[in-house]
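J.: The following block contains a protein sequence and its predicted model.
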Amino acid sequence: MTLWDVAGALLSAILHAGWNAAIKAHAKPTEAMTTQMMLSALIVVPGLFWTGLPAQSSWPWIAASTALNFVTVTSMLRAYALIGFGLVYPVVRAFSVLLVVPLAATLSGESLSPYGFAGVGLVAVSLLLLAASSGRTGELPRRALVWILIAGLSTAAYVMSDAQGVRHAGSPWAYGFMVSITNAMAMSWAQRRMAHPWRLLKEHAVTTAPIAAAAVVSYLLILWVWSHAPVAPASALRDTSSVFAILIAIVWLREPFTRLRLAAILLAAAAVPLLRFA
């Protein structure tokens with residue numbers, strides 16, 4: 001991976017952690033998530049006039065990514081409603097980073113260098129430490145664990161769908177624009193009983209516009225990296241978003257700072273230069 005790839009994946013991680021924390025902190029997370037996705041679609045529509053539609057061979061991957069992303073978003077929102085952001089987010093990303101490595105080897109034929117394995121391992125341990133640290137703050141409800149497991153599995157699956165799809169699309173931007181639109185369509189349809197889409201836009205557009213912008217940039221950045229760089233180390237770098245999420249949770253959501261969390265942050269930092277040589 002080049003330094004630009006590392007920088008792109010890390011910036012994607014920061015933005016991903018930030019917009020997820022903002023959704024969790026919103027008074028109505030489900031409505032905010034739906035509005036964010038609709039605004040993201042509106043932001044990217046003009047881009048399709050520039051890029052054109054993605055190649056036809058990428059459309060099955062777009063459909064798979066849309067379905068899996070819907071499962072992930074729904075599962076995480078339900079887990080957020082049951083337990084703190086600081087526990088849900090790191091555990092979901094931990095499952096993802098652990099599953100993407102074998103999936104990338106199976107689907108893409110990728111093999112990691114010893115540095116890559118060490119870096120992915122450090123990220124995985126870091127995420128598990130974050131989960132253990134957050135888990136000490138209270139009992140983990142069984143229902144929350146079920147939703148976390150579902151979200152982790154679907155996250156790994158949509159990472160691989162996107163990584164395959166973006167390489168068939170001809171343009172990471174065209175692929176990202178189209179998936180943003182299909183995600184919004186799926187979420188709006190699923191939440192139609194909650195509220196009319198235009199009512200959600202009227203009520204939440206101002207507060208969720210920055211969230212939507214961050215989500216779009218984060219997604220496009222990681223798609224650009226996946227379009228040419230190895231999937232597993234790039235995904236591991238992006239999953240350091242959990243570390244940034246913990247920092248956000250400590251500063252913004254007033255969650256406790258512990259020695260385990262400090263150790264997790266240091267391990268994730270040590271993984272970055274190793275993943276550079278994956």
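T.: Here it is on my side, so go on.

J.: what's stretch 170-190 in contact with?
T.: 33-34, 37-38, 40-41, 43-45, 47-48, 50-55, 58, 62-63, 65-67, 69-70, 73-74, 162, 165-166, 169, 197, 216, 219-220, 223-224, 226-227 (C-beta atoms under 8 Å, 6 or more residues apart in numbering). (Each C-beta comes from the backbone N, C-alpha and C, glycine too.)

J.: Buried residues of that stretch, list them for me.
T.: 170-184, 186-188 (16 or more other C-beta atoms under 10 Å).

J.: circling back to that earlier point, what about the contacts of stretch 170-190, which are in helices?
T.: The helices, defined by DSSP state H, take in 33-34, 37-38, 40-41, 43-45, 47-48, 50-51, 62-63, 65-67, 69-70, 73-74, 162, 165-166, 169, 197, 216, 219-220, 223-224, 226 from those.

J.: buried subset of those?
T.: 33-34, 37-38, 40-41, 43-44, 47, 51, 62, 65-67, 69-70, 73-74, 162, 165-166, 169, 197, 216, 219-220, 223-224, 226.

J.: Can you find the helix or strand in the chain with the smallest mean pLDDT?
T.: helix 241-251 (a mean of 76; mean pLDDT, DSSP states H and E).

J.: now the helices for the stretch 51-200 of the chain?
T.: Ranges of helices in the stretch 51-200 of the chain, per DSSP state H, counting those that start in this stretch, are 59-80, 85-108, 114-135, 142-169, 172-190, 197-226.

J.: residues in contact with the first one?
T.: It refers to helix 59-80. Taking C-beta under 8 Å, 6+ apart as the rule, helix 59-80 contacts 20, 23-24, 29-30, 33, 37, 54, 88-89, 92, 143-144, 147-148, 150-151, 154-155, 157-158, 161-162, 164-165, 168, 175, 178-179, 182-183, 186-187, 190.

J.: could you redo the last one with a cut-off of 7 Å?
T.: 24, 29-30, 33, 88, 92, 144, 147-148, 150-151, 154-155, 157-158, 161-162, 164-165, 168, 178-179, 182-183, 186-187, 190 (C-beta atoms under 7 Å, 6 or more residues apart in numbering).

J.: Run the angle between that helix and helix 142-169 for me.
T.: Helix 59-80 and helix 142-169 are oriented at 160 degrees to each other (axes from the mean of the first three to the mean of the last three C-alpha atoms, to 10 degrees).

J.: Dump helix 59-80 to CSV, keeping only the CA atoms.
T.: Extracted in CSV, the C-alpha atoms of helix 59-80 (Å, rounded to 0.1, in the frame of the first residue of the first chain):
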residue,chain,number,x,y,z
TRP,A,59,-24.6,-4.3,-10.7
PRO,A,60,-24.9,-7.6,-8.9
TRP,A,61,-22.4,-6.4,-6.4
ILE,A,62,-24.3,-3.1,-6.0
ALA,A,63,-27.4,-5.1,-5.2
ALA,A,64,-25.6,-7.3,-2.7
SER,A,65,-23.9,-4.3,-1.0
THR,A,66,-27.2,-2.5,-0.7
ALA,A,67,-28.9,-5.4,0.9
LEU,A,68,-26.0,-6.1,3.3
ASN,A,69,-25.7,-2.5,4.2
PHE,A,70,-29.3,-2.3,5.1
VAL,A,71,-28.9,-5.3,7.4
THR,A,72,-25.8,-3.7,9.0
VAL,A,73,-27.5,-0.3,9.6
THR,A,74,-30.6,-1.8,11.0
SER,A,75,-28.7,-4.1,13.3
MET,A,76,-26.4,-1.4,14.6
LEU,A,77,-29.3,1.0,15.3
ARG,A,78,-31.1,-1.7,17.3
ALA,A,79,-27.9,-2.4,19.2
TYR,A,80,-27.3,1.3,19.8
